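In: This is the structure alone, sequence omitted:
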Ligand SMILES: [Zn+2]
């Protein structure tokens with residue numbers, strides 16, 4: 001059977017209303033046994049790793065969070081498949097990073113106009129990518145201070161969808177925001193004694209972080225996409241720059257060829273360490289720990 005786009009959209013919107021109706025609590029009583037309360041978890045889709053961790057922290061046992069972009073897949077150029085769009089039938093809410101990361105969202109919304117899209121970048125002042133363009137830098141999750149705003153936006157959306165558990169969501173959000181506060185303090189304390197401000201990241205992921213902590217980000221590849229490879233001339237320029245700035249740690253990240261960073265490190269007699277943009281991270285890994293790993297490597301780059 002061939003469906004027109006209009007028919008598909010109509011079917012999708014019918015299917016999506018059903019979980020909404022079933023959402024809530026119901027009690028079952030069998031053979032006089034004490035009634036066991038079974039709660040139907042609120043099904044929420046999230047786009048990628050950091051949002052998954054924030055949503056799990058806030059939603060706890062009340063929500064069932066599924067991540068759309070799989071671990072190990074770079075989110076910058078990811079596009080949904082037909083199967084991904086079908087998964088939306090199980091969910092009535094999707095939480096996105098926002099700030100221009102998920103450019104495919106309008107496509108999903110047109111397939112399912114009833115889905116609630118929660119933009120976790122709400123109330124965050126975004127950095128422009130290039131002067132004169134409207135392109136924004138999406139890497140807000142790498143700044144713990146901005147991550148706190150994302151966490152609160154996520155909590156607000158869960159409270160709105162499930163007001164009976166408002167206290168639960170807000171308490172979880174407060175706990176997670178306290179952890180982010182501690183991380184923020186740790187970053188400030190650990191980097192305070194470092195005499196360098198310049199570091200060499202792989203791709204342009206640490207602008208918000210650098211702004212927050214008074215650092216200067218230099219990058220090996222231009223632009224936001226880590227999958228672009230620098231030309232020989234660009235490599236030569238960045239090596240020269242690293243030398244001039246007294247840089248002796250060249251960062252790489254998980255999903256790229258470490259050889260690129262190694263070439264520069266060899267030239268400047270430095271070493272290669274990982275500075276993770278938390279873009280291809282396994283969903284079982286802890287956000288705070290990953291950020292602490294970054295901090296420890298950054299400290300080595302800036303304090304040595
Ligand atoms: Zn990135």
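Out: Structure's in. What do you need? Note that the structure is predicted; figures quoted are calculated from it, not measured.

In: what about the helices in this structure?
Out: 5-22, 49-59, 82-87, 105-111, 144-161, 166-192, 207-213, 232-244, 258-268, 287-303 (DSSP state H).

In: Just say which of those helices is most tucked in.
Out: helix 49-59 (a mean of 26; mean count of other CB atoms under 10 Å). C-betas here are computed from N, CA, C, even on glycine.

In: Packing partners of that helix?
Out: strand 42-46, strand 63-67, strand 93-96, helix 144-161, helix 166-192, helix 287-303 (3 or more CB pairs under 8 Å, 6 or more residues apart in numbering; DSSP states H and E).

In: and of these, who's closest to the ion?
Out: Proximity to the ion (CB to the ion) singles out helix 287-303 among the helices and strands packed on helix 49-59, at 13.6 Å.

In: Might one say that residue 151 is in contact with residue 55?
Out: No. Contact criterion CB atoms under 8 Å: residue 151 and residue 55 do not qualify, at 9.0 Å.

In: sorry, back to before: any chance of a markdown table for the helices and strands packed on helix 49-59, columns distance to residue 213 and mean pLDDT?
Out: Formatted as a markdown table, the helices and strands packed on helix 49-59 follow (distance: least, CB to CB, whole Å; pLDDT from 0 to 100):
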| stretch | distance to residue 213 | mean pLDDT |
| --- | --- | --- |
| strand 42-46 | 27 | 92 |
| strand 63-67 | 28 | 94 |
| strand 93-96 | 26 | 96 |
| helix 144-161 | 10 | 98 |
| helix 166-192 | 6 | 98 |
| helix 287-303 | 9 | 98 |
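
In: Turn the ones you listed into TSV, columns for distance to residue 237.
Out: Shown next, in TSV, are these (distance: least, CB to CB, whole Å):
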stretch	distance to residue 237
strand 42-46	38
strand 63-67	37
strand 93-96	35
helix 144-161	31
helix 166-192	27
helix 287-303	20
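
In: To residue 218, which of these lies closest?
Out: helix 287-303 (11.1 Å; CB to CB).

In: Spell out which parts of the stretch 101-250 of the chain neighbour the ion.
Out: Contacts of the stretch 101-250 of the chain with the ion, taken as CB under 5 Å from the ion, map to residue 205.

In: For the ion, what's its nearest residue on the stretch 101-250 of the chain.
Out: Going by CB to the ion, the ion is nearest to residue 205 of the stretch 101-250 of the chain, at 4.2 Å.

In: Now do the contacts for that residue.
Out: Applying CB atoms under 8 Å, 6 or more residues apart in numbering, we find residue 205 in contact with 139, 142, 224, 226, 253, 277, 279.

In: Any regions of the protein where pLDDT drops low?
Out: Along the chain, segments meeting pLDDT under 70 span 1-39, 90, 223-225.

In: Name the residue closest to the centre of it, please.
Out: With distances taken as CA atoms, centre = their mean, residue 50 lies nearest the centre of the chain, 3.5 Å away.

In: I'd say that one and residue 278 touch.
Out: Yes. At 5.6 Å, residue 50 counts as touching residue 278 under the criterion of CB under 8 Å.

In: so what sits against both of these two?
Out: Residues touching both residue 50 and residue 278 (CB under 8 Å, 6+ apart) are 141, 287.

In: List the residues that contact residue 155.
Out: Listed by CB under 8 Å, 6+ apart, the contact set of residue 155 reads 58, 169, 170, 172, 173.

In: How much space separates it from residue 49?
Out: Separation of residue 155 from residue 49 (CB to CB, to the nearest Å) stands at 19 Å.

In: ok, back up a step: could you dump the contacts of residue 205 to CSV with distance to residue 101 and neighbour count?
Out: Formatted as CSV, the contacts of residue 205 follow (distance: CB to CB, whole Å; neighbours: other CB atoms under 10 Å):
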residue, distance to residue 101, neighbour count
139, 8, 24
142, 12, 22
224, 9, 22
226, 13, 25
253, 16, 21
277, 11, 28
279, 9, 26
